[in-house]
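A.B. asks: sharing a model prediction with you, sequence too.
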Amino acid sequence: MKRVDALLAEYGSYHRTRGNFACHAVGVPLIVFGILSFLRLAPLPLAGWTAAEALIAAAFVFYAALDLPLAVALLVPEALLDLAAHATDSWKVGLAAFVVGWIFQGIGHARYEKKAPAFLRNLVHLLIGPLFLVNELLRVRPPLAARAAEK
């Protein structure tokens, strides 16, 4: 089993209910938007880059090491969130999005999943959340059960 499959499977075991998935589909982008909103306030000496774009580039390298097609698929929503953070131009909106995103996460786990978040066992899952959502929505990598049936 590839490492990306193991990470997605473990993360998925904490996100089995539709309600929790819906909360994460709203919460994770809000959290990423909030982080990018904060980081855009830190300009870098690179041509027009901020710490937000540096984070996206570093995350892309991490994701590409796990699975290149998934990493490429994740670039689109990350770029859109980065554009929105730059267009909003308010750290207060970013802070509100960040807090509301975590509230959605908490509701998803407390109300629907009734299980603690995956990142409490493995901090890498903080990075796997966006990858998991993109894969669930686009099915870039087939689910583990489908791959097992192919063999």
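C.D. replies: Thanks, I have the structure now. Numbering: from 1, shown residues only.
A.B. asks: compute the distance between the residue lying closest to E78 once chain neighbours are set aside and Y63, please.
C.D. replies: Counting by Cβ to Cβ, 6 or more residues apart in numbering, I56 is the residue found nearest to E78 once chain neighbours are left out, at 5.1 Å. To be clear about C-beta, it is placed using only N, CA and C from the backbone, and glycine gets the same treatment. Taking Cβ to Cβ, to the nearest Å as the measure, I56 falls 10 Å from Y63.
A.B. asks: looks to me like Q105 is in a helix.
C.D. replies: Yes. Checked against DSSP: H, G, I helix; E, B strand; the rest coil, Q105 lies within a helix.
A.B. asks: which residues in the protein form helices?
C.D. replies: 3-12, 18-39, 51-66, 68-88, 91-107, 125-138, 144-150 (DSSP state H).
A.B. asks: of all the ones you listed, which one is nearest E113?
C.D. replies: For the helices of the chain, proximity to E113 was assessed by Cβ to Cβ; helix 18-39 is nearest, at 4.1 Å.
A.B. asks: and that closest one, what's its mean pLDDT?
C.D. replies: Averaged over helix 18-39, pLDDT sits at 96.
A.B. asks: that helix: how far from the chain's middle?
C.D. replies: What separates the centre of helix 18-39 from the centre of its chain is 7 Å, taken as Cα atoms, centre = their mean, to the nearest Å.
A.B. asks: next up, the contacts around the residue nearest to the spatial centre of the chain.
C.D. replies: What sits nearest the mean C-alpha location of the chain, by Cα atoms, centre = their mean, is P130, with 1.9 Å. P130 makes contact with 28-29, 32, 74, 77-78, according to Cβ atoms under 8 Å, 6 or more residues apart in numbering.
A.B. asks: tell me how far it lies from R18.
C.D. replies: For P130, the distance to R18 equals 19 Å [Cβ to Cβ].
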